[in-house]
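# Give me a 3D structure for the following:
(one chain, ligands or ions: 1)
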Amino acid sequence: MDQFYLDNAALYRTLVKALKPTPSPNTVDAATETTSPDMVVGARIRPLLGEDVAAGFPCAVFPRTGQKSVVDIHDLYNHPRGRPILKSFKYQVDSLFDSQTTTEEIYGNLVAKLVSFAWHGGIGTLFAYGQTGSGKTFTVNRLEQLVAGTLMDGTLEGQRKVYFTIIELAGSSAYDLLNSRKPISILEDSFGVTQLAGAEEHCAQGRAEVMDLIERASSFRQTAPTLKNGASSRSHGICRIRIKNLSADSEGMLYLVDLAGSEAARDVVAHGADRMRETRDINMSLSVLKDCIRGKVMADALELGGGPMSKQRKPHVPFRQSALTKVLKHVFDPASSRACKTVVIACINPSLGDVGPSKNTLRYAEMLRVVRPKTEEIQLVAVSPPTGANAPATDSKAMQGQLGLATRACSRNLSPNDAELPFKKRIRPGMVVSWFPAPEVCSVLGLLEEDVKLAVVLCPAGAVSKPVKDALGNLVNPEDDRHADSEDDSADGHARYLCALIVPGLMARAYELNLWRQTVIPLGMMEKEVILQYDSGTRYYYISA
Ligand SMILES: Nc1ncnc2c1ncn2[C@@H]1O[C@H](COP(=O)(O)OP(=O)(O)OP(=O)(O)O)[C@@H](O)[C@H]1O
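Numbers count the residues shown, from 1 in each chain. So this is what the prediction gives:
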């Protein structure tokens, strides 16, 4: 894929330059959205580094002018019958920091509030998330120093004792970075409190001592180089600061978490089975973290609204499923009555060479924002460049190879010849279609009228000779459908297909497949083929074209 981007870098620049930045009328400004005040999702775009520029990769990530906290990513896709085309993807966060923003400004905007919250007895947590080489360690290291400065310089009101513990989690193992990387254990005591057994807690006496601790921990952080970043962290780094108020006998907590890089599969290919396993573990723990953050924020929102209604399920917060979330039990346990505030900074490498992971990082960031679903709209802008006699020919086979994993995680039919036929002539199992059910069908199926209706084709309805019921006990293929002759019917548009519903996820542009919610859809009700791409980080599908 890198070679494809490099070969087409000049075309990419031309296409991006020709784009007209028209703000979408459907875009919701972050300021007008209803998100949890206790959960802020920011994104930091790092500058293009000398090595990115030297490699020839253009910038692919652009903060949108005129729309606060919206970022566009323009990606280049191979086209089977012409030159590559540009597609644009829009992401919304709560606070966006461009490549000129300093860590000091980010501290002032997002982190200083967490410090004062923890100083007054709350639990503040900061996560830096992002693909490898995107600037997580760069950001967290400096933030640790700034936090330490504030805590130690005496400007905060009152007297506190401040204790530092800095650990590293690699898979299910944990190490004390302030004690020569000695192995420690994560245990739950009989009161249900997570203990870092064996880790030393340092009572900080002054600013210089804390800076020294931070420096020491950072030099012990285990790293193994990836293709992308020569000094990559393949582990989660957690700085825990306990702030004890002796006069009130209470304590606050501040966690600064430098998450392991979400490494792209293509980088792993060059390494061995151990690295594959390591990457799988990291991705798993990041996925559990996402479920915990969302679950906790939603549980808090329900609590504030007077508890779950009779039909609402209490959100599940699976904090016991990974070592990382076990350590952060204070933050996630729904049974905990402690006040929590969380800030996530999604770190982005703006290079076109890293555009896939950047999209994943921003999708993950969007997943963490708990926005009311009714304000969410599908917003995907596909921009086709002009084609002409001078358009370079592309080798579609070579391109499929370059697309590699992305293509396999996609609902697209891999036979390029089929693309010539109208979609109704090439219906196949696994094809995703948009359709337009009548309002009464929507209400039976529990679909909202304003949502885009998607379904995946399973088989011709006539292929199922027995009655089929969905998980709710509803018959989905009545007698008429079972005897339909799909060959003849397809000619006049009367064929019917057994399909499973694809329904909107909890955030904008995300969908989930409900295989258990089946229905029969007549060909005439199908509108067009829709290509979905699966994102393993968020475990949702996204419309790709
Ligand atoms: N805002 C920035 N300004 C200048 N350089 C930056 C910035 N952010 C990151 N860098 C540089 O980018 C490189 C990668 O950054 P860093 O090591 O922090 O990435 P990372 O996301 O922690 O990667 P990994 O997950 O592999 O550990 C480093 O050389 C760092 O100095």
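
# Doesn't F89 lie inside a strand?
Yes. According to DSSP: H, G, I helix; E, B strand; the rest coil, F89 belongs to a strand.

# Give me the neighbour count for it.
By other C-beta atoms under 10 Å, the residues close to F89 number 21. No exception for glycine: its C-beta is placed from N, CA and C like everyone else's.

# which SSE is the closest residue to it other than its chain neighbours in?
Using C-beta to C-beta, 6 or more residues apart in numbering and skipping the chain neighbours, the partner closest in space to F89 is I73 (4.8 Å). Under the criterion of DSSP states H and E, I73 resides in strand 70-77.

# could you dump that strand to CSV, C-alpha only?
Extracted in CSV, the C-alpha atoms of strand 70-77 (Å, rounded to 0.1, in the frame of the first residue of the first chain):
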residue,chain,number,x,y,z
VAL,A,70,-13.8,18.4,12.8
VAL,A,71,-11.0,16.7,11.0
ASP,A,72,-11.0,15.4,7.4
ILE,A,73,-8.9,12.6,6.1
HIS,A,74,-8.5,12.2,2.4
ASP,A,75,-7.6,8.8,1.2
LEU,A,76,-6.7,7.4,-2.2
TYR,A,77,-8.4,4.3,-3.5
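
# So that it lines up with my notes, have the first residue be 24 from now on.
Fine by me, first position is 24 from now on; the one you just mentioned is strand 93-100.

# May I see the buried residues of that strand?
Applying a neighbour-count criterion of 16 or more other C-beta atoms under 10 Å, one finds 93-99 buried in strand 93-100.

# Throw those residues into a markdown table and include pLDDT, thanks.
Shown next, in a markdown table, are these (pLDDT from 0 to 100):
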| residue | pLDDT |
| --- | --- |
| V93 | 92 |
| V94 | 93 |
| D95 | 93 |
| I96 | 93 |
| H97 | 92 |
| D98 | 91 |
| L99 | 88 |
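
# Distance to L71 for those - can I get that in JSON lines?
Listed next are the buried residues of strand 93-100 as JSON lines, based on distance: C-beta to C-beta, whole Å:
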{"residue": "V93", "distance to L71": "20"}
{"residue": "V94", "distance to L71": "15"}
{"residue": "D95", "distance to L71": "16"}
{"residue": "I96", "distance to L71": "14"}
{"residue": "H97", "distance to L71": "15"}
{"residue": "D98", "distance to L71": "16"}
{"residue": "L99", "distance to L71": "17"}
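
# what's the offset of the helix or strand hosting M390 from the middle of its chain?
In the assignment (DSSP H and E), M390 maps to helix 378-391. With C-alpha atoms, centre = their mean, to the nearest Å as the basis, helix 378-391 stands 4 Å off its chain's centre.

# So which elements touch it?
With contacts taken as 3 or more C-beta pairs under 8 Å, 6 or more residues apart in numbering; DSSP states H and E, helix 378-391 sits against strand 62-68, strand 93-100, strand 108-115, strand 146-153, helix 296-327, strand 363-371, strand 533-545, strand 563-566.

# and the stretch 24-173 of the chain, which residues reach the ligand?
By the rule C-beta under 6 Å from any ligand atom, the part of the stretch 24-173 of the chain lying against the ligand is 69-70, 72, 153, 155-161.

# if we go to 5 Å?
Proximity of the stretch 24-173 of the chain to the ligand, by C-beta under 5 Å from any ligand atom, involves residues 69, 155-161.

# Secondary structure, distance to V170 and neighbour count added to those residues, as JSON lines?
Shown next, in JSON lines, are these (DSSP: H, G, I helix; E, B strand; the rest coil; distance: C-beta to C-beta, whole Å; neighbours: other C-beta atoms under 10 Å):
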{"residue": "R69", "secondary structure": "coil", "distance to V170": "20", "neighbour count": "23"}
{"residue": "T155", "secondary structure": "coil", "distance to V170": "24", "neighbour count": "24"}
{"residue": "G156", "secondary structure": "coil", "distance to V170": "24", "neighbour count": "27"}
{"residue": "S157", "secondary structure": "coil", "distance to V170": "21", "neighbour count": "28"}
{"residue": "G158", "secondary structure": "coil", "distance to V170": "18", "neighbour count": "22"}
{"residue": "K159", "secondary structure": "helix", "distance to V170": "16", "neighbour count": "27"}
{"residue": "T160", "secondary structure": "helix", "distance to V170": "15", "neighbour count": "22"}
{"residue": "F161", "secondary structure": "helix", "distance to V170": "15", "neighbour count": "16"}
